[in-house]
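Visitor: structure for the following, please:
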Amino acid sequence: MSRESELLTKIQSHEAVVGIMGLGYVGLPLAAAFAEAGIPVLGFDVKQRVVDGINAGESHITDVAPDRLAVLAQAGMISATDDVSRLGEADAVIIWVPAPLSQADGPDLSYVLAAAEAVRKRLRRGQLIVLE
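Guide: Below you'll find the model as predicted:
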C-alpha cells in the first residue's frame, strides 16, 4: 500500500491526526471543523495563553463559541501545544500562520518561514504538509 493510500485510509477511518499551526481567526475554526467531523486535531500556537485557553475549552475568538470548543476539548478532539517537537504526531500538518502586510515592504513572511522550518526539522515519511 502506498503512503498516499495509507494516509487516505487513516483519514477515512478517523485515525489520522491533523496538526494545525496557528490557532487564530482561521486556524481555530478550521480545527473545530475537523474535530466536529471526527478527526482529532493537535493545534500549535506560540502564545501560551492561547494554548492554555484551548486546552481548557476557552475560545479566544468570536467565531468559535466557548461552549463549542469546550465540548471538543473535553472529548479530546482538540488539544493545543506550543511544543513543535510534537509535529511528528500529526499525519497532516496545515500551516496557517499570519503574514501581516506592511505598507513599505509587503507581507512579513517571518512567521511562515519559521513554521516551515519547524516542520522541515520534524518532517516524517507519509506526512501531508499544507501551506495556506
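Visitor: give me the contacts around the helix or strand bottoming out on mean pLDDT in the chain.
Guide: When each helix and strand of the chain is scored by mean pLDDT, DSSP states H and E, strand 101-102 comes last, with a mean of 83. With contact meaning Cβ atoms under 8 Å, 6 or more residues apart in numbering, strand 101-102 is reached by P107, D108. C-betas here are computed from N, CA, C, even on glycine.
Visitor: how far does it sit from its chain's centre?
Guide: 24 Å (Cα atoms, centre = their mean, to the nearest Å).
Visitor: do stretch 14-24 as well
Guide: 4 Å.
Visitor: one more: stretch 78-91?
Guide: 8 Å.
Visitor: same question for stretch 86-104.
Guide: 8 Å.
Visitor: check stretch 32-41 too.
Guide: That offset, for stretch 32-41, works out to 11 Å (Cα atoms, centre = their mean).
Visitor: for that stretch, measure first residue to last.
Guide: Start-to-end span of stretch 32-41 (Cα to Cα, to the nearest Å) is 8 Å.
Visitor: so where do the strands sit in this structure?
Guide: Under the criterion DSSP state E, the chain carries strands at the ranges 18-21, 41-44, 78-81, 92-95, 101-102, 106-107, 128-131.
Visitor: same for the third one, what does it pack against?
Guide: Identification of packing neighbours for strand 78-81 by 3 or more Cβ pairs under 8 Å, 6 or more residues apart in numbering; DSSP states H and E yields helix 27-36, strand 41-44, helix 48-55, helix 66-74.
Visitor: which of the ones you listed sits most buried?
Guide: Burial of the helices and strands packed on strand 78-81 is given as mean neighbour count (mean count of other Cβ atoms under 10 Å); strand 41-44 ranks first at a mean of 25.
Visitor: just how off-centre is the lengthiest helix in the chain within its chain?
Guide: Longest helix of the chain, by residue count under DSSP state H: helix 110-122. Chain-centre distance of helix 110-122: 13 Å, with Cα atoms, centre = their mean.
Visitor: could you pull up the residues touching the residue positioned nearest the centre of the chain?
Guide: In the chain, the C-alpha nearest the mean C-alpha coordinate belongs to I20, at 1.0 Å (Cα atoms, centre = their mean). I20 makes contact with G27, L30, A31, F34, V41, L42, G43, F44, V93, I94, W96 under the criterion Cβ under 8 Å, 6+ apart.
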